[in-house]
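Chemist: Sequence and predicted structure are below.
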Amino acid sequence: MQVIVKNTVEEMSRCGAEIVAEVIFSKKNPVLGLATGSTPVKMYQELIKMHKAGKLDFAKVRSFNLDEYAGLAETHDQSYRYFMNFNLFDHVNINKKNTNVPSGLAKDIPAACAEYEKKIVAWGGIDIQVLGIGTNGHIAFNEPLSGKNSRTRKVALTDGTIQDNARFFAKKSDVPTFAVSMGIGTILEARKIILLANGKNKADAIAKTVEGPITHMIPASFIQSHANCILVIDKDAASMLKGKYPSSL
Ligand code: F6R
């Protein structure tokens, strides 16, 4: 696992965008694994800037998102499909038919999850998976106790995660309590992983992810075992790390 510590969120986001762009440049039919939440928003803005400057073509890009709230329609302004359209897809030349977000409204959720997994494999697997991290160490909506071999499934959100995400909703009781999420096993199959984190509220989770033991109590710690994994974090998120880490590779 490589760790890069940047001074600011802007630098973190530019670095993240360069790493994702590099994958888009180098693959014929790149498959991106994408995350929502506040962390990658500026990185998506950097990718949009590159596209608008004529430097990045999304015509051949395909994507799979990590997760979606159960019970929210795609048109709900807090759904993750809505987020992706608003923050990235509507601003680049990606074909929306080539973008996938788990359905929060599937009648048969286990069948829809199995389909999602099958489609990832059928499209050649994920070239780069973008991750954020929860304050409790979750990745996607794999909360503590999630198993290393977990696959896309319906999951219950912890009270802490509901509290963390309440800022996006009118009130805490509006936050869905379940989600559909790729599993840890699904994520670890990506050929490359990039995890972004910024802010002091992520420092404890980052220290445990990077320097702690691999444990299902900190699901992000499972990425220590991935062969091609890079963390790009700002200095606040790095503030509880004991080791010294470089600012570039
Ligand atoms: C979002 C996701 C979540 C977030 C995490 C951090 O698709 O999978 O794991 O990455 O909750 O959220 P922010 O970035 O809002 O702090």
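Modeler: Cool, got the structure. Numbers count the residues shown, from 1 in each chain.

Chemist: Name the spans of this protein whose pLDDT lies under the cut-off.
Modeler: Across the chain, nothing is flagged by pLDDT under 70.

Chemist: got the residues of it near the ligand?
Modeler: Residues of the chain that fall close to the ligand, judged by C-beta under 6 Å from any ligand atom: 35-39, 66-67, 132-134, 138-140. Yep, even glycine has a C-beta here, placed from its N, CA and C like the rest.

Chemist: Rebuild the residues you listed as JSON lines, extending it with neighbour count and secondary structure.
Modeler: Shown next, in JSON lines, are those (neighbours: other C-beta atoms under 10 Å; DSSP: H, G, I helix; E, B strand; the rest coil):
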{"residue": "35", "neighbour count": "24", "secondary structure": "coil"}
{"residue": "36", "neighbour count": "27", "secondary structure": "coil"}
{"residue": "37", "neighbour count": "18", "secondary structure": "coil"}
{"residue": "38", "neighbour count": "13", "secondary structure": "coil"}
{"residue": "39", "neighbour count": "25", "secondary structure": "coil"}
{"residue": "66", "neighbour count": "27", "secondary structure": "coil"}
{"residue": "67", "neighbour count": "23", "secondary structure": "strand"}
{"residue": "132", "neighbour count": "20", "secondary structure": "coil"}
{"residue": "133", "neighbour count": "26", "secondary structure": "coil"}
{"residue": "134", "neighbour count": "26", "secondary structure": "coil"}
{"residue": "138", "neighbour count": "26", "secondary structure": "coil"}
{"residue": "139", "neighbour count": "29", "secondary structure": "strand"}
{"residue": "140", "neighbour count": "30", "secondary structure": "coil"}
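
Chemist: from the chain's centre, how far out does whichever helix in the chain runs longest sit?
Modeler: When the chain is parsed with DSSP state H, its longest helix is helix 9-26. Its chain's C-alpha centre and that of helix 9-26 lie 14 Å apart, by C-alpha atoms, centre = their mean, to the nearest Å.

Chemist: Packing partners of it?
Modeler: Counting contacts by 3 or more C-beta pairs under 8 Å, 6 or more residues apart in numbering; DSSP states H and E, helix 9-26 is packed against strand 2-6, strand 31-34, helix 41-52, strand 128-131, strand 193-197, strand 229-234.

Chemist: make it 7 Å
Modeler: Applying 3 or more C-beta pairs under 7 Å, 6 or more residues apart in numbering; DSSP states H and E, we find helix 9-26 packed against strand 2-6, helix 41-52, strand 128-131, strand 193-197, strand 229-234.

Chemist: Tabulate those (JSON lines), appending distance to residue 212 and mean neighbour count.
Modeler: JSON lines is the format used below for those (distance: least, C-beta to C-beta, whole Å; neighbours: other C-beta atoms under 10 Å):
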{"stretch": "strand 2-6", "distance to residue 212": "13", "mean neighbour count": "19"}
{"stretch": "helix 41-52", "distance to residue 212": "25", "mean neighbour count": "19"}
{"stretch": "strand 128-131", "distance to residue 212": "17", "mean neighbour count": "25"}
{"stretch": "strand 193-197", "distance to residue 212": "15", "mean neighbour count": "25"}
{"stretch": "strand 229-234", "distance to residue 212": "13", "mean neighbour count": "24"}
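
Chemist: now these in a markdown table, with distance to residue 20?
Modeler: Formatted as a markdown table, the helices and strands packed on helix 9-26 follow (distance: least, C-beta to C-beta, whole Å):
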| stretch | distance to residue 20 |
| --- | --- |
| strand 2-6 | 14 |
| helix 41-52 | 6 |
| strand 128-131 | 6 |
| strand 193-197 | 7 |
| strand 229-234 | 11 |
